[in-house]
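Engineer: let me see the structure of the following:
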Amino acid sequence: MSTAAKEVFELRPSFCEGMLHENPSPAGFDHFGRVPVIAHDAKAIEVIDEAAVFQTQLVADGLRYTTLQLCASKESGHPGGFASSADAYAALVMLGHNNIVTEVGHHAPGFYSAMFLDGSLEAMGIHTMNDLQSRFRERDGLLGHLSGAIPGLLAPAGPLGQGQHFAMAGAYLNPDKLFPCTIGDGGLGEPYILSAIKHFQTSYPNVTNFLPVLVWNGYSQEHHSMVSLMDNAQMTAYWQAHDVRNVILIDAKDYDDAGQEGAYVDSTRFGDRARAVFIRAVLEGAQAAADAAMSGTLSVLIIKQLKGAGVHAHGAKSHNLYPGDKPEKDNIARALAERALSPEAWALVRTNMARAGGGPAGRTVVTEFEREMADIGELPTKAFEVGEKAVPATAMAHMVAELGRRDAQFVVTNADGNEASNMKPVNEALKIRHPTEDTLYNQSPGGQVYEPLNEDACAGFAAGLALFGGRSLWLSYESFAINGWPIVQTVGQAMAELRRKTPAVISMFTAGALEQGRNGWTHQRPEIENYIGGQMRNGNVYLLYPADANMIQAAYRWANTQSNKCISIVASKSALPVHTTPERAKQAIEQGATVLYESAEGGRGTIVFAVTGDMIYLPVFAAKDQLEQFGYRVRIVCVANPRRLYRSGDVAWQHSAEPDNAFMADDEFDALFGGDVLIGVSGGGTLALEPVLLRSHAPARELFGWQRGETTASPAELMAYNGITAEGLAERAQGLASPVVAA
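Structural biologist: Residues are numbered from 1 along each chain as shown. The predicted model follows:
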């Protein structure tokens with residue numbers, strides 16, 4: 001090694017260990033790069049001058065370089081989309097905004113690069129480029145799409161169309177901070193993103209401190225984006241039509257001095273002067289958009305630039321790397337060589353990024369801290385007498401209403417109407433948030449019930465609030481909940497990984513299929529219970545089946561004491577018999593199950609019904625009467641919290657941030673479910689009964705559950721259509737018991 005080369009190596013910052021390329025400092029560095037433009041006691045650049053432009057460009061190039069080498073190190077990952085947003089991301093960070101979320105999971109390597117360059121990933125033991133590469137797309141490292149568990153990253157990003165929910169939730173809870181959200185034009189082809197923003201703005205006109213940042217690069221994952229043929233005027237009008245009053249569009253084409261063809265161009269191909277003018281425009285546009293958003297004007301920043309700008313390929317071909325796309329491959333090596341920085345430039349990038357926003361994102365963004373919440377105390381409940389009839393949904397509604405009174409930031413989201421679910425007390429107390437004041441319909445501009453009539457928007461805002469540290473509740477018809485469940489699933493997984501406590505994301509699904517006979521099969525979709533039931537093995541997912549009005553109150557009270565969990569309650573809106581005392585109800589939720597009924601005598605054998613639901617007990621109790629007449633002992637067990645009934649090894653509880661290893665002991669399980677015949681019964685999906693069947697030693701077992709929907713005049717007719725009748729249950733129980741007892 002020559003003396004000169006050795007001197008350069010010794011100047012190289014230690015975090016650069018593993019970077020494959022290095023360039024001399026660019027022209028102008030001695031003048032514009034001598035002093036970081038973010039002072040040691042500052043959070044952002046003070047003025048947009050030539051030095052700020054110069055150093056912002058270095059940040060953008062550093063992000064592109066790190067992103068591409070990171071992906072190439074594993075011959076996989078997605079560099080192209082983030083590359084076209086690097087200038088906007090760099091500008092926002094240099095302006096002091098680091099509470100950035102994204103709608104695009106494929107931008108993950110770019111966001112990881114940002115967290116690496118500002119020092120946030122040192123909390124994970126990632127100190128050098130070599131460390132970054134070794135942990136990328138590996139277990140206990142940096143997963144292929146964003147996770148909120150990564151230091152400095154506020155929220156997960158996987159399915160398209162979710163990021164704006166997190167930005168809006170963050171803005172709602174933190175009115176003094178800006179929440180930019182990068183959105184890809186591939187995702188914008190799903191028009192829901194803008195309709196969600198429009199409804200939120202109509203409901204919360206004063207919450208404008210979130211900033212959509214459209215990365216308009218002309219391409220989606222494998223082809224042109226669906227909005228690629230729009231011109232600038234059409235794109236502007238598109239956002240304005242959704243009430244975004246301030247549209248700031250920076251089109252790289254307007255600054256191109258390289259004669260590039262097409263509507264989308266690569267700014268890294270510009271000459272030095274043209275590129276500086278472009279970066280200045282991005283900085284000024286980002287500042288104007290941010291200032292407007294923080295001052296009460298809903299805004300969008302649009303960066304129109306070719307996908308893959310500054311990396312190895314353009315268009316959809318830049319989206320993903322495949323086996324063989326190594327750092328040594330010609331086009332990748334060439335792109336890395338062009339974007340590489342000098343050691344001095346890398347040190348400058350690290351200094352600016354580590355100072356932006358008041359420190360590395362991993363130590364400063366809002367989700368790195370546990371949020372203080374209003375003290376709600378012990379929520380009041382009503383004790384219903386065993387034997388009387390009460391509506392489970394309404395019993396819970398009174399608790400929800402009181403919680404909202406005690407926590408002004410609590411939000412209930414609902415699409416199909418709380419009155420339709422027999423939860424009118426929620427609307428009466430908390431009011432539907434609506435610009436039209438109307439007491440008849442319980443509407444008020446300051447209401448706490450958010451009704452966008454879209455389950456994705458309901459689930460997204462509720463889940464985002466919980467993830468960001470606020471209380472929320474998503475209420476839905478069980479029939480339509482599937483339209484919003486994926487984002488709850490995403491947030492639930494993220495909660496399992498967080499390094500901080502946050503309130504559980506709670507949902508409650510009413511109007512079970514059995515109550516929807518007249519509406520027909522369009523309103524009879526209890527299969528979502530199987531979807532959620534399948535997630536109980538994740539470790540922090542709970543599907544609760546309160547048997548009556550007392551138990552649903554116990555369920556909701558328990559849910560509001562939990563952290564980092566995903567909890568769903570399934571209950572009816574019909575008046576149903578009360579089977580439990582409040583004490584027994586509480587025990588059932590905490591322990592997993594409880595006996596609702598057991599015969600005083602019966603010598604022909606013991607038949608156990610393990611039941612999930614509430615209305616479904618009507619045929620079960622009727623079957624009990626028939627079986628007792630034939631001399632059988634019958635035990636009816638409410639499976640209230642089936643996750644508690646798994647064996648410890650069945651569930652990945654140990655991988656959760658707030659591990660819960662509470663599982664029913666074998667002797668307790670056998671006391672509840674031991675018998676000659678075990679029959680599982682559900683008015684919906686049967687997967688929640690899996691732990692019971694796994695652990696049961698009964699010689700004979702059977703399972704009754706939902707099959708399909710149909711239009712019927714009554715719940716009883718619908719249950720009969722699905723083979724669930726008192727006669728059918730009793731007949732099958734006797735058929736199973738006879739050979740067992742005879743033996």
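Engineer: what about the strands in the stretch 451-600 of the chain?
Structural biologist: 472-477, 505-510, 541-544, 566-570, 576-577, 593-598 (DSSP state E, counting those that start in this stretch).
Engineer: surely residue 145 meets residue 158?
Structural biologist: Yes: between residue 145 and residue 158 a contact is recorded at 4.7 Å, counting by C-beta atoms under 8 Å. The C-beta positions use only the backbone N, C-alpha and C, and glycine is treated the same way.
Engineer: who touches both of those two?
Structural biologist: Common contacts of residue 145 and residue 158, defined by C-beta atoms under 8 Å, 6 or more residues apart in numbering, comprise residue 105.
Engineer: still on that earlier bit, of all the strands of the stretch 451-600 of the chain, which lies closest to residue 268?
Structural biologist: Proximity to residue 268, assessed across the strands of the stretch 451-600 of the chain by C-beta to C-beta, is greatest for strand 505-510 (41.2 Å).
Engineer: of all the strands of the stretch 451-600 of the chain, which lies closest to residue 461?
Structural biologist: Residue 461 lies closest to strand 472-477 among those, at 7.4 Å (C-beta to C-beta).
Engineer: reformat the strands of the stretch 451-600 of the chain as a markdown table; add distance to residue 63, mean pLDDT and mean neighbour count.
Structural biologist: What follows is those, written out as a markdown table (distance: least, C-beta to C-beta, whole Å; pLDDT from 0 to 100; neighbours: other C-beta atoms under 10 Å):
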| stretch | distance to residue 63 | mean pLDDT | mean neighbour count |
| --- | --- | --- | --- |
| strand 472-477 | 34 | 96 | 27 |
| strand 505-510 | 32 | 97 | 28 |
| strand 541-544 | 36 | 98 | 26 |
| strand 566-570 | 33 | 98 | 27 |
| strand 576-577 | 58 | 98 | 20 |
| strand 593-598 | 53 | 98 | 20 |
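Engineer: now stretch 398-411: buried residues?
Structural biologist: Neighbour-count burial for stretch 398-411 flags 398-404, 407, 409-411 (criterion: 16 or more other C-beta atoms under 10 Å).
Engineer: next one: stretch 357-367
Structural biologist: So for stretch 357-367, counting by 16+ other C-beta under 10 Å, buried means 357, 359-367.
Engineer: and for residue 518, the neighbour number?
Structural biologist: Number of residues near residue 518 (other C-beta atoms under 10 Å) recorded here: 11.
Engineer: quick one, what contacts it?
Structural biologist: 711-713.
Engineer: what segments of the stretch 301-450 of the chain are strands?
Structural biologist: 389-390, 411-414, 432-433, 443-444, 449-450.
Engineer: need the winner for burial among those strands.
Structural biologist: Across those, averaging neighbours per residue (mean count of other C-beta atoms under 10 Å) puts strand 411-414 on top, at a mean of 28.
Engineer: pLDDT weak spots in the stretch 601-743 of the chain?
Structural biologist: 741-743 (pLDDT under 70).
Engineer: which SSE is residue 201 in?
Structural biologist: Assigned by DSSP states H and E, residue 201 belongs to helix 192-203.
Engineer: which member of the buried residues of stretch 398-411 is positioned nearest residue 232?
Structural biologist: Taking C-beta to C-beta as the measure, residue 232 sits nearest to residue 411 out of those, at 36.3 Å.
Engineer: list the contacts for residue 655?
Structural biologist: Here residue 655 is in contact with 496, 539 (criterion: C-beta under 8 Å, 6+ apart).
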